[in-house]
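Colleague: quick check, what structure comes out for this input:
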Amino acid sequence: MAPSELPEHVTIREVCLRDGLQIEDPIPLSAKLELLEAVVATGVREVEATAFVSPSKVPALADAAALAAELPRLRQTHGVEFSALVAGPGGAGRAIAAGIGSIEYVVSAADGHSQANVGRSTADSTHLIADIARIAHENGATIEVIIATAWDCPFDGPTDPRRVLEIATAAVEIGADRVAIADTIGTTTPRRVTALIERLRPVIGDVPLGAHFHNTRGAGLASAWAAVAAGVRRLDASVGGLGGCPFAPGASGNIATEDLVYMLRDSDIGVDVDLQAAIHAADVARKAVGHELPSALLRAGDRILS
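Modeller: A predicted model of the protein is given here:
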């Protein structure tokens with residue numbers, strides 16, 4: 001796609017409350033709410049708020065229902081759409097009962113990561129899409145199928161693109177509202193991003209395609225740019241670059257929201273997120289978890305001095 005065809009706007013979904021915190025030691029609900037307030041103050045329109053998964057596996061998100069109870073207030077005052085990740089039909093039911101209207105279900109394209117993440121094969125996880133979609137749609141919610149380890153797996157090595165296409169095909173046939181591809185361990189590069197998206201386009205048709213990148217090996221922003229140039233209009237990011245997968249060795253560092261906003265803004269691509277507010281939210285995240293974060297903008301600031 002030529003530069004003249006770049007979009008006027010890209011939607012950023014903030015994932016620090018779920019993907020960002022899942023590898024951290026648990027923090028109090030009050031600290032999460034302070035971070036959430038800082039996040040919604042950035043102007044972001046979509047926030048992944050939590051996950052309804054096993055508390056024993058992901059203790060940092062054990063308070064999912066309590067956090068969800070606070071979301072209607074923020075939805076009403078800020079107009080934000082909140083989503084939650086689930087690992088199976090049981091989690092989907094709990095999310096719906098907690099008032100979540102947008103559900104994300106992850107299917108790993110690699111069996112090794114799928115077994116480590118949810119204790120079942122890729123095929124078994126794919127078969128569950130139908131049950132989760134039914135639970136969501138019968139209750140007026142939407143479902144997004146996120147395809148993890150879309151490029152590489154820490155256990156199985158490079159992912160065969162045909163496995164990604166098979167999951168995407170099943171998701172679309174079952175009626176998923178959105179599909180996303182995730183670079184779970186931060187290994188992909190722009191060329192590989194473009195190649196996979198080109199193969200996915202005929203499969204998903206008009207179903208919106210999102211992308212989720214980690215900056216583990218320094219190519220996260222470049223990969224995000226390649227995705228946008230290839231037609232993706234929805235990107236995940238986490239303030240401060242907080243986060244990673246607890247079930248994928250070596251996975252760390254989501255692309256930082258403020259770094260992504262900086263790149264898109266200076267490329268004349270509109271976003272809903274205010275850069276200075278995002279830098280502030282990253283600082284709130286840093287204080288909440290008690291350690292430094294990899295964000296470049298948190299360290300260096302904007303080039304435009306206010």
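
Colleague: going by C-alpha atoms from here, please, whenever you check contacts or count neighbours.
Modeller: Fine.

Colleague: moving C-terminal from the host helix or strand of Val203, which element do we reach first?
Modeller: Assigned by DSSP states H and E, Val203 falls within helix 190-204. With elements assigned by DSSP H and E, the helix or strand that comes after helix 190-204 is strand 209-213.

Colleague: in that next one, which residues are buried?
Modeller: Residues of strand 209-213 classed as buried: Leu209, Gly210, Ala211, His212, Phe213 (neighbour count, 16 or more other Cα atoms under 10 Å).

Colleague: which other helices and strands contact that strand?
Modeller: Where contact means 3 or more Cα pairs under 8 Å, 6 or more residues apart in numbering; DSSP states H and E, strand 209-213 is packed against strand 178-183, helix 220-229, strand 234-237.

Colleague: just checking: what are the partner strands of the shortest one?
Modeller: What it means is strand 234-237. Partner strands and pairing direction for strand 234-237 (DSSP bridges) are strand 11-14 (parallel), strand 209-213 (parallel).

Colleague: for Asp25, find the nearest of those.
Modeller: Among those, strand 11-14 comes nearest to Asp25, with 19.9 Å by Cα to Cα.

Colleague: for that closest one, output the C-alpha coordinates as PDB.
Modeller: The C-alpha trace of strand 11-14 is given here as PDB (Å, rounded to 0.1, in the frame of the first residue of the first chain):
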ATOM      1  CA  THR A  11      -8.100   3.000  16.500                       C
ATOM      2  CA  ILE A  12      -5.900   2.100  19.400                       C
ATOM      3  CA  ARG A  13      -7.100  -0.400  22.100                       C
ATOM      4  CA  GLU A  14      -5.500   0.100  25.400                       C
END
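
Colleague: quick check: buried residues in that strand?
Modeller: By neighbour count on 16+ other Cα under 10 Å, the buried set for strand 11-14 is Thr11, Ile12, Arg13, Glu14.

Colleague: same check on stretch 55-64?
Modeller: By 16+ other Cα under 10 Å, the buried positions in stretch 55-64 come out as Val58, Pro59, Ala60, Leu61, Ala62, Asp63, Ala64.

Colleague: contacting residues around the most centrally placed residue in the chain?
Modeller: Centroid check for the chain by Cα atoms, centre = their mean gives Asp236 as the closest residue, at 4.4 Å. Shown in contact with Asp236 (Cα atoms under 8 Å, 6 or more residues apart in numbering): Ile12, Arg13, Glu14, Val15, Gly210, Ala211, His212, Phe213, Ile255.

Colleague: next, give phi and psi for Val47.
Modeller: Main-chain dihedrals, Val47, degrees, to the nearest 10: phi -130, psi 130.
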